[in-house]
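Peer 1: Please work out how this folds:
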Amino acid sequence: MIHTKTPAGTYDENDYWTVSYIDTRSDNPDDYKEVVREYGDCDNAYEDYCYYKNKWWAKDCRYEHHRR
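Peer 2: The predicted structure is shown next:
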């Protein structure tokens with residue numbers, strides 16, 4: 001089943017995307033945590049990536065494609 005098409009190509013149910021970042025909202029650096037969100041749709045993942053990359057507390061924000 002094809003669920004999305006982008007200029008980069010056509011993807012199927014074996015493709016997924018992640019948006020990850022380090023949440024630095026704590027005053028204690030020992031409490032910083034890595035957050036990884038998984039998406040089945042590249043458009044939703046990219047929209048969230050654009051949101052998080054502009055937050056002061058989301059460090060090292062990454063948008064990545066994966067294939068199962």
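
Peer 1: need the contact list for the residue nearest the centre of the chain.
Peer 2: Among the residues of the chain, the one closest to the centroid is Val19, at 1.2 Å (CA atoms, centre = their mean). Neighbour list for Val19: 36-37, 39, 45, 48-49, 52, 61-63 [criterion: CB atoms under 8 Å, 6 or more residues apart in numbering]. Where you see a C-beta, it was placed from the backbone N, CA and C, and this is true even at glycine.

Peer 1: swap the cut-off to 10 Å and go again
Peer 2: 35-39, 44-53, 58, 61-64 (CB atoms under 10 Å, 6 or more residues apart in numbering).

Peer 1: Which residue ranges of this structure form helices?
Peer 2: For the chain, applying DSSP state H gives helices covering 42-53.

Peer 1: so where's it uncertain?
Peer 2: 1-9 (pLDDT under 70).

Peer 1: go with 50
Peer 2: Along the chain, the model assigns pLDDT under 50 to residues 1-5.

Peer 1: which residues of it fall in strands?
Peer 2: 2-6, 9-12, 15-23, 33-39, 58-67 (DSSP state E).

Peer 1: Return the most buried member of these.
Peer 2: strand 15-23 (a mean of 18; mean count of other CB atoms under 10 Å).

Peer 1: how much space between Asp30 and Arg67?
Peer 2: Per CB to CB, to the nearest Å, Asp30 is found 35 Å from Arg67.

Peer 1: Okay, and the beta partners of the residue nearest to the centre of the chain?
Peer 2: Arg37, Tyr63 (DSSP bridges).
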